[in-house]
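> Below: sequence and its predicted model.
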Amino acid sequence: MTGVNSFQVSGYGPERAGWTRLLARDSLARRLDWPILLAALALSGIGAILVFSATRNRTEINQGDPYYFLLRHILNTGIGFALMIGTVWLGHRTLRTAVPLLYGLSVFLILMVLTPLGSTVNGAHSWIVLGGGFSLQPSEFVKITIILGMAMLLAARVDAGDKAYPDHRTVLQALGLAAVPMLVVMLMPDLGSVMVMVIIVLGVLLASGASNRWVFGLLGAGAAGAIAGWQLHILDEYQIARFAAFANPSLDPAGVGYNTNQARIAIGSGGLTGSGLFHGSQTTGQFVPEQQTDFVFTVAGEELGFLGGGLIIVLLGVVLWRACRIARETTELYGTIVAAGIVAWFAFQAFENIGMTLGIMPVTGLPLPFVSYGGSSMFSVWVAVGLLQSIRVQRPMSA
Amino acid sequence: MTNIPETGRTPRVQIRLVVIQILVLSLLGTLGGRLWYLQIREGDEYAKEASGNHVQQVVEPAVRGSILDARGVPLADNETRLVVSASRTDLLKMKDDGKAVLTKLAAVLGMTPQEVMEKVRLCDSKTPQPCWNGSPYQPIPITDEATAKQALQIRERAEDFPGITAEPEAVRRYAAPGKANTAQVLGYLSPVTDDEITKAQDSDSPYLRSDQVGRSGLEREYDKELRGKAGVTRYEVDNLGRVIGEAEADPAQPGSNLVTSIDARVQRVAEYELNQAMKEARKTYDKNTGENYKADSGAVVVMEAKTGRVVSMASNPSYDPNAWVGGISAKDYAKLTGKNSNYPLLNRAIQGQSAPGSIFKVVPTAAAINAGYSFNGPYQCSSSYSIGGQVFKNFESKGYGPISLGRALEVSCDTVFYRLSHQEWQKDGGNKPKKNPGDWFYKTAHQFGLGKETGIDLPNEVTGRIPDRQWKQSYWKANKDAWCKYGKKGGTYAEQIAYENCLEGNKMRAGDSVNYSIGQGDTLVTPIQMAAIYGAIANGGTLYEPTVGKAIVGADGKSVQEIEPTAHGKLPMSEKTRVEIDDALAGVATRGTAAWRFGGWPQDEIPMHAKTGTAEVYGKQTTSWFATYTKDYTVIMTISQGGTGSGASGPAVRKIYNALYGVSEDGTINPKNALLPTPQKSLPKIKADGSITSPKVSKDPAKDQQISQKGTEEPDVQQLAATVATATTGNRNARRRRRARGSRRTLA
């Protein structure tokens, strides 16, 4: 285990005082991945504006305070940012030792959801209400712990130099580790999160160098599982309905298809430059449901147009591009796997979220990373940014 | 840990990372492409959809124009009723969808909560009436019969009745001035249908969901003018229908008024006298059938002879058009249209057709002259005329010897016309017709305008029928299968007829031409056609399209669009012939078949012309026809299964003339009693504020006339129009009673 005690940047001169250390050539600040950080901050900032636009008139949920959601979104971003700093400070290698603990905690939390403590929002029983207007969605944290847990198992022997690739037994263990929380999430049922986790597992397996047989086997099992879920009625009625409506929204324009239709109308009516911030009639008229969370992209589409929507996609592209680079450039497999897992997670979740508002993906309750309102999601994506930064900071400078 | 950049990573992982990166980028590219497709390529489409999404319109209906009689007396106008309405959007905002409010409202209105709930639910394929089929953003009327007290209760406790309004609103009223019912001429309204909305969508007068549309009579014919243009306010709304801004507002434009040539008083007299005549006929014994005459229906038309304007048009049985106001009940509807209703909705003056009998004879008279016969003849009026063993008798088998055509009209000699028609038939080749037969009797009839609509400004006029060769051929084609199946040689009379028809129903037979010459057989005419013909004989030969509408006057009285009488042809006869026929018809009234009905008539002051007709209908009692005219007016009356022309219709027609000219039973003229000695020329004045100056109409002009003409006859309490209650702003109970009585009012 090489990285356990090596949080300190090794081999780059003597210890220095705080601020000089920050500004030094080989300092932490210099080695941070600024594009990711700035893009993530910009996305959160845009998110704050969009959330504000979507909620300032919604007196029935903002408790009469138009800034209610705006302030909370900024607060969430702040907490997320702090979590990122904490993550960088601890370093992903330090966290590697704590992975069993974190994994256990997250599984415990999602099991709590199944107890009477959990509550249902929009058909998914995936929340723990903490009181005081706060609630927790543990499945968001599970996404991180699955990545960390699998990375720990898969990279252990490779990073130790024992093997070139993880062997079948390790892969099986890693899959088992991921399967436990995924089963629980499926029971909630939070199909969207399960889909994200499946993609994360795929990404992790790919990056780990595990045998192609595993990768294709998993893909095949996923397809078989989907067909079985459809045929054997494991899926709930509303999930199938949502899927059908995505395929053909005119099937039921007043019911399930309503979301899809209104979202598409909102985005389509935006044109090149949009109707202007706070001037979207679809947004002002509250025709799109869940517009501050799952359908936040429709606000951008309508009020900021193709330019605004495109900017969000480009910023996400920046984050993902840099994250891919981090995955490729880090020296240890552990970091590679973690970064690749995060890439898979962000990429799929963003694609699914924006895709459903554009009518090319079925409607699921997934937030858009950084942009959507929601604490749990915001915290977890910022922690992920922290992990990416830590991986970059702690790898040797590439000249 | 080494400082050297890691290059020793296994290529498998490196390649896979590149694959991941490419996958990620292509996902993002897909999103960008789709975004471009939606926003740039299809953007306009979605922008349109979005604007339709959040704009809702609220309609302020235009006040429908009034229908006025010639002097400005409203026959159809609007009355103010207190309408209690519920706003569905307001109700749905409440926790219980407004159930509590509606229940409270039901208590105030004296209705059951269920009744009220049913009224505000929206119609769909699964929801039976009552339900609301208008826009859900429109206030939904719950009752239009609220009392002032109920309205006050609702308004004063507005906080208890959120979403409920009690406002005065204009509702159609058929006022029946002087008890003039005029039902079939006025027509009625009913809500617009989906089809009509779609059809009129792109026209210059599109319908609104809440519109009432004229369904018959003048309401239909002049619907566009009367309707006006509804005011529309467009509101921007959010997804729950809450108004977040006003987009645009068009104010309502009230509909124009229609001035008709109807005189409410004459109309009342005509309706009353028609009804009296029919009642009288029902007391009369019919020796042919061995029972009293049924007098099942009748019509009378009073027309200005010089213009074709209709002064009154009555059809019996009749009904109360107010039954349609505020939606007709299923019960009332069945009474108006059911099998046993005798169809009071029909305007028998333009939709009732029957064989004309002898009032038709002016047509063969002109035809004979056009065919080259002289007016003076003489022609043999024998008591019967036989063709190949078949004997065609004169009416009551009387003979008058050799007479002129004029005298033949006076005494209504059938055999003169039998002979002429038969001769012409033989000239045309008889049973083996020439290639181009003269067919004078049929051609002339068409030239009189028979067999087609007169073009009166009322919908659904029927054409009548001239049974010429062409018609015979097409009728035979359509029916021969049935005839051949039913017909039997030597069977019953009906079977025998069917048998003959099967064999040669397409041929013009001698008997056909003979029957046709006196307006019997397959000949069909409508009262309005005969009015146009007799009016033309009176006015010097011009056939006018009869008109009821006289002018369309804007709601503020400023724009006046007069409806000029239009001629659609000349009578097919020379002026000389017209004068000769005119003289003969005067002779009918003074010494001919109608003389006994015009005893003591001031013929020198008001020359009266008349022709009686008694048409035979197979399997039914005879139809009574009476056609008359003076220099100003034509009056045509017919009573189905009513008896003879002069017998059943004579007294009624004379009483109508008495009323028009102020003639007493003894023949003295009292101008003070005259309702309309000359046709009304000027139009009524409509002031800028929409008010109309009109003379007062007495409670019942028909009764006034009875008194002034004779002064003794007891008025009949059971008569038709006497029970037509004057419309009041009454409460619902009063209206209920009125409607209930309306059912009995329909005469059979």
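That came through fine. Numbering: from 1, shown residues only, chains lettered A, B, ... in the order given.

> From now on I want contacts and neighbour counts done on CA atoms only, so please keep to that.
Fine.

> Residue numbers of the stretch 51-200 of chain A in contact with chain B?
Within the stretch 51-200 of chain A, the positions adjacent to chain B are A:Ala164 by Cα under 8 Å from any Cα of the partner chain.

> which stretches of the stretch 51-200 of chain A have low pLDDT?
Low-confidence segments of the stretch 51-200 of chain A (pLDDT under 70): A:122-124, A:131-133.

> Strands of that one, residue ranges please.
Listed in chain order, the strands of the stretch 51-200 of chain A (DSSP state E, counting those that start in this stretch) span A:118-121, A:124-131, A:134-136.

> could you dump these to a markdown table with mean neighbour count?
Formatted as a markdown table, the strands of the stretch 51-200 of chain A follow (neighbours: other Cα atoms under 10 Å in any protein chain shown):
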| stretch | mean neighbour count |
| --- | --- |
| strand A:118-121 | 16 |
| strand A:124-131 | 18 |
| strand A:134-136 | 16 |
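
> so which of these comes closest to B:Val192?
strand A:118-121 (45.1 Å; Cα to Cα).

> Tell me how far the strand or helix carrying B:Tyr235 lies from the chain's centre.
B:Tyr235 is part of strand B:231-237, with elements assigned from DSSP states H and E. In terms of Cα atoms, centre = their mean, to the nearest Å, the gap separating the centre of strand B:231-237 from the centre of its chain is 36 Å.

> So which elements touch that strand?
strand B:55-60, strand B:243-250 (3 or more Cα pairs under 8 Å, 6 or more residues apart in numbering or on different chains; DSSP states H and E).

> Parallel or antiparallel, which strands does that strand pair with?
Taking DSSP bridges as the criterion, strand B:231-237 forms sheet pairs with strand B:55-60 (antiparallel), strand B:243-250 (antiparallel).

> For that strand, output the C-alpha coordinates as PDB.
What follows is strand B:231-237, C-alpha atoms only, in PDB (Å, rounded to 0.1, in the frame of the first residue of the first chain):
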ATOM      1  CA  GLY B 231     -65.600  40.300 -27.300                       C
ATOM      2  CA  VAL B 232     -62.500  38.300 -26.500                       C
ATOM      3  CA  THR B 233     -60.000  39.000 -23.800                       C
ATOM      4  CA  ARG B 234     -56.900  36.900 -23.900                       C
ATOM      5  CA  TYR B 235     -55.100  36.200 -20.600                       C
ATOM      6  CA  GLU B 236     -51.800  34.700 -20.000                       C
ATOM      7  CA  VAL B 237     -52.200  32.000 -17.500                       C
END
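
> Can you point out the buried residues in it?
B:231-237 (16 or more other Cα atoms under 10 Å in any protein chain shown).

> do stretch A:207-225 as well
Residues of stretch A:207-225 classed as buried: A:207-211, A:214-215, A:218 (neighbour count, 16+ other Cα under 10 Å).

> Pull out the buried residues from stretch B:460-473.
B:460-469, B:472-473.

> What mean pLDDT does it get?
For stretch B:460-473, mean pLDDT rounds to 90.

> For the closest residue to B:Ala183 other than its chain neighbours, give me its contacts.
In space, and not counting its chain neighbours, B:Ala183 is closest to B:Pro321: 5.7 Å by Cα to Cα, 6 or more residues apart in numbering or on different chains. By Cα atoms under 8 Å, 6 or more residues apart in numbering or on different chains, B:Pro321 lies in contact with B:174, B:183, B:187-188.

> and of these, the nearest to chain A?
Using Cα to the nearest Cα, the shortest approach to chain A within the contacts of B:Pro321 belongs to B:Tyr188, at 37.9 Å.

> burial of the closest one, as a residue count?
B:Tyr188 sits with 26 neighbouring residues when counted by other Cα atoms under 10 Å in any protein chain shown.

> That one: what's it in contact with?
B:214-217, B:219-220, B:321, B:324.

> Can you add pLDDT and secondary structure and give those residues back as JSON lines?
Formatted as JSON lines, those follow (pLDDT from 0 to 100; DSSP: H, G, I helix; E, B strand; the rest coil):
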{"residue": "B:Gly214", "pLDDT": "89", "secondary structure": "strand"}
{"residue": "B:Arg215", "pLDDT": "88", "secondary structure": "coil"}
{"residue": "B:Ser216", "pLDDT": "90", "secondary structure": "coil"}
{"residue": "B:Gly217", "pLDDT": "93", "secondary structure": "helix"}
{"residue": "B:Glu219", "pLDDT": "93", "secondary structure": "helix"}
{"residue": "B:Arg220", "pLDDT": "92", "secondary structure": "helix"}
{"residue": "B:Pro321", "pLDDT": "88", "secondary structure": "helix"}
{"residue": "B:Trp324", "pLDDT": "81", "secondary structure": "helix"}
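
> PyMOL command to pick out the buried ones of these?
Those of these that count as buried under 16+ other Cα under 10 Å are selected in PyMOL with:
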select buried, chain B and resi 214+215+216+217+219+220+321+324
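
> Break chain B down into its domains, please.
Split into domains by automatic domain parsing, chain B comes to B:264-333+B:345-354+B:531-745, B:469-507.

> where does the strand or helix carrying B:Trp476 sit relative to the chain's centre, distance-wise?
If you go by DSSP H and E, B:Trp476 is part of helix B:469-486. Relative to its parent chain, helix B:469-486 has a centroid offset of 31 Å by Cα atoms, centre = their mean.

> what's in contact with the following helix or strand past that helix?
Downstream of helix B:469-486, the next assigned helix or strand under DSSP H and E is helix B:493-504. Here helix B:493-504 makes contact (Cα under 8 Å, 6+ apart) with B:476, B:480-481, B:483-484, B:486-490.

> who's in contact with B:Arg157?
For B:Arg157, no residue counts as a contact, taking Cα under 8 Å, 6+ apart as the criterion.

> Against chain A, how distant is it?
For B:Arg157, the distance to chain A equals 27 Å [Cα to the nearest Cα, to the nearest Å].

> And that residue, what's its pLDDT?
79.

> Nearest to chain B: which residue in the stretch 51-200 of chain A?
Counting by Cα to the nearest Cα, the stretch 51-200 of chain A gets nearest chain B through A:Ala164, at 7.3 Å.

> That residue reaches A:Leu154, doesn't it?
No. Taking Cα atoms under 8 Å as the definition, A:Ala164 is not a contact partner of A:Leu154, at 11.0 Å.

> Which residue of these two possesses the greater neighbour count?
Neighbour totals were compared for A:Ala164 and A:Leu154, and A:Leu154 leads with 31 against 16 (other Cα under 10 Å).

> my read: the more buried one touches A:Ser208, true?
Yes. Counting by Cα under 8 Å, A:Leu154 touches A:Ser208, with 6.5 Å between them.

> which residues of the stretch 351-500 of chain B fall in strands?
For the stretch 351-500 of chain B, applying DSSP E, counting those that start in this stretch gives strands covering B:379-381, B:384-387, B:390-393, B:401-403.

> got JSON lines for those strands, with mean pLDDT and distance to chain A too?
Output for the strands of the stretch 351-500 of chain B, formatted as JSON lines (pLDDT from 0 to 100; distance: least, Cα to the nearest Cα, whole Å):
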{"stretch": "strand B:379-381", "mean pLDDT": "91", "distance to chain A": "82"}
{"stretch": "strand B:384-387", "mean pLDDT": "88", "distance to chain A": "77"}
{"stretch": "strand B:390-393", "mean pLDDT": "86", "distance to chain A": "75"}
{"stretch": "strand B:401-403", "mean pLDDT": "91", "distance to chain A": "84"}
